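**Student:** could you look at this predicted model? Sequence included:
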Amino acid sequence: MKKIILFGPPGAGKGTFSAQIRDVLPEIIHISTGDILRENLKGETPLGLKAKKYMDKGELVPDDVVIDMIKDRLKKKDVKKHGFVLDGFPRTYTQAEALNNITKIDYVVLLKVDEDIIIKRILGRYSCPDCGEIYNKYFMKPKIEGVCDECGASIKFEQRSDDNEETLRNRLNVYKENANPILEFYRKKGKVKEVNYENKLTEQEVKKVLEI
Ligand code: ADP
Ligand code: ZN
C-alpha cells in the first residue's frame, strides 16, 4: 500500500503521471485538490463558493479550508485500504506539516519540466468531458480530430477557466514561492525522488520510480 505525493509546478504533468501510476497500481486512490475544488465550484457548495475568488485569480485557497478537505478525504475507507496519490497537496509548508500530523507518506515524486514547455502544456491543455482523458493542442491531439481516443466521445479544445496567461503567471509564481520550503521539509526526511518529465516515462521507468 503506497502513499505518494506528486509534486511539481502547474503543467508539470501531475494528472498524466497519476494516470501512469494507475496503470501499474490500479487500486490506488487519486486525490486531486484542484479536482475536488472544481467539483465544489460546479456544484456551488459552500466550500466551492469560498474557494472561487482565489481560484479565479490563480491564488491559493486558504490553508484551513484545504486542510479540512484533505483530512476528510484521507479518513475514508478506500484510502486506508488502497493508499493514495496526492496531486496538488501540500502546496504550502503549513499544509505539509498538517499532512505529516495526519499520516506518514512513503515519498514525494518531484516532476521536473522546463518552463517554456510548462507554458505550452498549460495553455494548450484540455480534457475529454466524458472520461477525463487529457489532451494538448500542441503536443497530444486525439488521433481523430474531435473524437476522444479512449471513449469515442466528441471533444473540442476548451480551456479550463484558470488556464489563461495571466493566471498562469500567477500560479507559477505562487509555486516558486512555496516549493522550496516544502521540498526541504521532505528532503530532510530523505523522501524526495526527482523525475524528469519532459517526456512520458515507460511503464518500466514508472515502476522503478515507485519501487514496485
Ligand atoms: P494547477 O496545478 O494547474 O495550478 P490545480 O488543479 O492543482 O491546478 O489547482 C487549481 C487551483 O485550485 C489553484 O490555483 C488553487 O487556487 C486551488 N488549489 C488546489 N490545490 C490547492 C492547495 N493544496 N492549496 C490551496 N489551493 C489549492
Ligand atoms: Zn473520453
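**Tutor:** It's in. Ligands and ions are numbered 1, 2, ... in the order given.

**Student:** report the contact partners of Ile70.
**Tutor:** For Ile70, the contact set (CB atoms under 8 Å, 6 or more residues apart in numbering) comprises Ile31, Thr33, Leu86, Phe89, Gln95, Ala98, Leu99, Ile102. Heads up, the C-betas are built off the backbone N, CA and C, glycines and all.

**Student:** kindly recompute the last result at 6 Å.
**Tutor:** Contact partners of Ile70, counting by CB atoms under 6 Å, 6 or more residues apart in numbering, are Phe89.

**Student:** kindly report the same for Phe7.
**Tutor:** Val108, Leu110.

**Student:** now do the phi/psi pair for it.
**Tutor:** phi -130, psi 150 (degrees, to the nearest 10).

**Student:** gap between the residue sitting furthest away from the middle of the chain and Phe17?
**Tutor:** Ranked by distance from the centre of the chain (CA atoms, centre = their mean), the top residue is Ile144, with 26.9 Å. Using CB to CB, to the nearest Å, Ile144 is found at 25 Å from Phe17.

**Student:** A strand includes Ile31, no?
**Tutor:** Yes: Ile31: assigned to a strand according to DSSP: H, G, I helix; E, B strand; the rest coil.

**Student:** on that earlier part again, ok, what's across the strand from the residue farthest from the centre of the chain?
**Tutor:** Ile144 has the following beta-bridge partners by DSSP bridges: Val147.
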